[in-house]
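Undergrad: dropping the sequence and predicted coords here.
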Amino acid sequence: MQRRDFLKIAAVASAGSRLVGQQPQSFLAPASAPDIAKTDFTLDIAPVTVELAPNRIVSTIGYNGASPGPLLRMREGVPVTVNVVNNTDVPEFVHFHGLLIPAEVDGSEEEGTPVVPPHGSRRYQFTPTPAGTRWYHTHTMSMDDLHRGSYTGMFGFLIVEGATNLGRFDQEHYLALRDWEPYFTNQLMDNDDLDPAGAQPEKPAVLDTRPVGMEVAADIFSINDKALGAGEPIRVKTGERVLFHFLNASAIENRHLALPGH
């Protein structure tokens, strides 16, 4: 079995009865009374360490001392303020992914959003819409620096509550899939997901002789901040209704998930 295929299967297996994630007191905890929509938030951009597994700690950049960053829960149509403090030596952008908001607060350089300067701050004020599961993340271009931009730990869930009731459920969980310690490789891009015929053998019948590119691969994968087997599982009981919010926070991989037996 190829290493790449093993990692794909492992990712799917982790989404079964023993999904891994952060410690019980964080994202894996059921929604509690303090977990309500707010109108004022602060994001502190600074270096953090993430303990993916015992003796496997990575250094990166995150929000509010952690990665993923804090859950931002907003209400559709209610104006909010997000205060961003940049405690790094480089300019940054915080992009609010999936929201229909003006370009000056969208958080992307190509849309004309002003930068958050090094060791400076910026205030974003907007009215969130549409309702749904969204996310926020850095929009800094990494170029050939795999320690910047989307290769860092700067990402988190953003929930926009709407008027529609999502239904009755017993547990609610936020699960972000992520890869860590990226590196350049001369292997061909894994484009199985782009081929309508489905997964292809490692040695196809007709070889693609085009020059290979400088693709990016990773050494370790996680759900939230824990690798497979290193975090607390989600414990469910027969008959319970569980609401999962899934996020592919990867800069390089498509993901396939399954919940066998549920």
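TA: Perfect, I can see it now.

Undergrad: and the end-to-end length of stretch 231-246?
TA: Terminal residues of stretch 231-246 lie 17 Å apart, using CA to CA, to the nearest Å.

Undergrad: make residue 1 into 56 and carry on from there
TA: All right, first residue 56 from here; so that's stretch 286-301.

Undergrad: buried residues, that stretch. List them.
TA: Along stretch 286-301, these residues count as buried under the neighbour rule (16 or more other CB atoms under 10 Å): G286, E287, I289, F299, H300. Placement of C-beta: from N, CA and C, glycine included.

Undergrad: now, the residues you listed that are in strands?
TA: In strands, judged by DSSP state E, the following of the buried residues of stretch 286-301 are found: F299, H300.

Undergrad: can you list the buried residues of stretch 286-301 in JSON lines and add pLDDT and distance to G187?
TA: Converted to JSON lines, the buried residues of stretch 286-301 look like this (pLDDT from 0 to 100; distance: CB to CB, whole Å):
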{"residue": "G286", "pLDDT": "89", "distance to G187": "26"}
{"residue": "E287", "pLDDT": "88", "distance to G187": "27"}
{"residue": "I289", "pLDDT": "90", "distance to G187": "22"}
{"residue": "F299", "pLDDT": "92", "distance to G187": "14"}
{"residue": "H300", "pLDDT": "94", "distance to G187": "10"}
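
Undergrad: what count of nearby residues applies to V261?
TA: 5 (other CB atoms under 10 Å).

Undergrad: tell me which of the buried residues of stretch 286-301 is nearest to R128?
TA: Using CB to CB, H300 is the member of the buried residues of stretch 286-301 that lies nearest R128, at 11.0 Å.

Undergrad: that older thread, between the buried residues of stretch 286-301, which is nearest P134?
TA: When those are compared for distance to P134 (CB to CB), H300 comes out closest, at 23.4 Å.

Undergrad: so that closest one bridges to which residues?
TA: When bridges are called by DSSP bridges, H300 pairs up with Y229.

Undergrad: could you do S176 as well?
TA: Partner residues in beta bridges with S176, using DSSP bridges, are V140.

Undergrad: tell me the spacing between it and F151.
TA: For S176, the distance to F151 equals 17 Å [CB to CB, to the nearest Å].

Undergrad: of those two, which one has the most company?
TA: Each of S176 and F151 has its neighbours counted (other CB under 10 Å); F151 has more, 25 against 15.

Undergrad: surely the more buried one meets R189?
TA: Yes - with contact taken as CB atoms under 8 Å, F151 and R189 are classed as touching, separated by 6.9 Å.

Undergrad: need the residues touching each of these two.
TA: L213 (CB atoms under 8 Å, 6 or more residues apart in numbering).

Undergrad: ok, T136 - contacts?
TA: For T136, counting by CB under 8 Å, 6+ apart, the contacting residues are T94, D95, F96, R178, Y179, Q180.

Undergrad: out of those, list just those in strands.
TA: Per DSSP E, strands hold the following members of the contacts of T136: D95, F96, R178, Y179, Q180.

Undergrad: ok, of the residues you listed, which one's closest to F210?
TA: Checking these against F210 with CB to CB, the nearest one is F96 at 15.0 Å.

Undergrad: bridged to the closest one, which residues?
TA: When bridges are taken as DSSP bridges, the partners of F96 come out as V137.

Undergrad: can you tell me how far it is from N138?
TA: Taking CB to CB as the measure, F96 falls 7 Å from N138.

Undergrad: who's more crowded, the two?
TA: Neighbour comparison, F96 and N138: the larger count goes to F96, with 19 against 14 (by other CB under 10 Å).

Undergrad: pLDDT value on the more buried one, please?
TA: Note on F96: pLDDT of 97.

Undergrad: again with Q78
TA: pLDDT, Q78: 34.

Undergrad: repeat for K93
TA: Reading off the confidence values, K93 has pLDDT 89.
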